[in-house]
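Sequence plus the predicted model coming up.
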Amino acid sequence: MGNLVVRRAVIVEDNPQMRDLIRMVLGTFGTGEIVEAKDGAEAIAALRSGGAEIVIMDWKMEVMDGLECTRRIRAGTDGIDPLTPVVLLTGNVGRDSENAAYAAGVNHYMEKPFSLKQLHAALLKVLG
Amino acid sequence: MSVADGPGQPAGTPAEAAVGGFEWNDALSVGITAIDDDHKAFFELASLLHSAQAAGGEHSVIDSALSMLEEYILGHFLREEKAMAAVGYPRLADHQEAHRRFREKARAVVEEHQQGAPDAAIGLPSLVDTWLRQHIAHDDQAYTNWISAAVVDRRPLVYLAMEAEDAADAGADQD
């Protein structure tokens, strides 16, 4: 199984306990810097200021949701690298949700709840 | 030496903070960073689960935390058992038995939760906190005269968890 080395990750999630869980998991993978955002607008600001090797993105959030944030990343808004990998981790379910997420430009779609193994596999997939 | 499991919680009771406050401290150190880090992660996860339950119990958070807890258990127990086996630790069998009993107790709680029993996992954070403190003090400290960092698999916990799962699946296939 491949080893992950991530220098900087951004977690975009409005539920604080879920943010903490994701941060714990990224920490166990040895992620260097982990930035937390509670909505898509905060995520754009974080990416503008420092970029990221991976974004773990929730979907339903106030101010700016995960799909809109992903579209703006893909558009290269504010100089953000449009190729920034995005893993969407959502409470939505079903094929329609999955299709909408990939249409917005996410690299990998996952439904909550998640496990260490699943998130690791997602990161391996999008980071190669 | 084996350690009794911690007390359970009656159904419908609010989650109570653990006596130890879900916090690691220097007195719990076994002197090996990888193992101390695993222990710290257990306390942090128990604290998170407790907070999620106290905040109203959003299912995706609790279900994720429970999955992670079982993976942490598998991975951490394997890390310790591999190190003990590497040095021929004489109490390995007893230690493995203590691990097995706790792993099965946690599994039973998670299964009950997955089957929809309300508040099935309410007592789990306290159980983890209590059991882990006692286990470190009585069982883990006993191996510190035998194992050193050099024999400990220091890979991130997720890899140990997957290795443990693969071993369990292989064992099941042979039955």
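On my side now, so go ahead.

Next, the residue nearest the centre of chain A: secondary structure please.
Central residue of chain A (Cα atoms, centre = their mean): A:I56, 1.7 Å from the mean position. Under DSSP: H, G, I helix; E, B strand; the rest coil, A:I56 falls in the strand class.

cool, and A:V6?
Going by three-state DSSP: A:V6 is coil.

low-confidence ranges in chain B?
Counting by pLDDT under 70, the ranges of chain B that qualify are B:1-20, B:174-175.

Could you list the contact residues of it toward chain A?
Residues of chain B lying close to chain A (Cβ under 8 Å from any Cβ of the partner chain) are B:41, B:44-45, B:48, B:51-52, B:55, B:58-61, B:63-65, B:67-68, B:71-72, B:155-159, B:161-162, B:165. Using the backbone N, CA and C atoms, a C-beta is placed for each residue, glycine as well.

filter those to the buried ones?
Buried members of the residues of chain B next to chain A, counted by 16 or more other Cβ atoms under 10 Å in any protein chain shown: B:41, B:44-45, B:48, B:51-52, B:58, B:60-61, B:63-65, B:67-68, B:71-72, B:155-159, B:161-162, B:165.

where's B:V151 relative to B:H76, distance?
16 Å (Cβ to Cβ, to the nearest Å).

any idea where the helices of chain A begin and end?
For chain A, the helices defined by DSSP state H cover A:16-28, A:40-50, A:66-74, A:95-104, A:116-127.

tell me the angle the third one makes with helix A:40-50.
What that stands for is helix A:66-74. Calculated by axes from the mean of the first three to the mean of the last three Cα atoms, to 10 degrees, helix A:66-74 forms an angle of 30 degrees with helix A:40-50.

again with the last one
Computed by the same axes, to 10 degrees, the angle separating helix A:116-127 from helix A:40-50 equals 60 degrees.

And helix A:116-127, what does it pack against?
If you count contacts as 3 or more Cβ pairs under 8 Å, 6 or more residues apart in numbering or on different chains; DSSP states H and E, helix A:116-127 packs onto helix A:16-28, strand A:54-57, strand A:86-90, strand A:108-111, helix B:59-86, helix B:157-174.

Would you tell me which of the helices of chain A gets closest to A:M110?
Nearest of those to A:M110, taken as Cβ to Cβ: helix A:116-127 at 5.7 Å.

contacting residues around that closest one?
For helix A:116-127, the external contacting residues (Cβ atoms under 8 Å, 6 or more residues apart in numbering or on different chains) are A:1-2, A:4, A:6, A:22, A:25, A:28-29, A:53-54, A:56, A:85-87, A:89, A:107-108, A:110, B:67-68, B:71-72, B:157-158, B:161-162, B:165.

and if we set it to 6 Å?
By Cβ atoms under 6 Å, 6 or more residues apart in numbering or on different chains, the surrounding residues in contact with helix A:116-127 are A:2, A:4, A:25, A:85, A:87, A:107-108, A:110, B:68, B:71, B:158, B:161-162.
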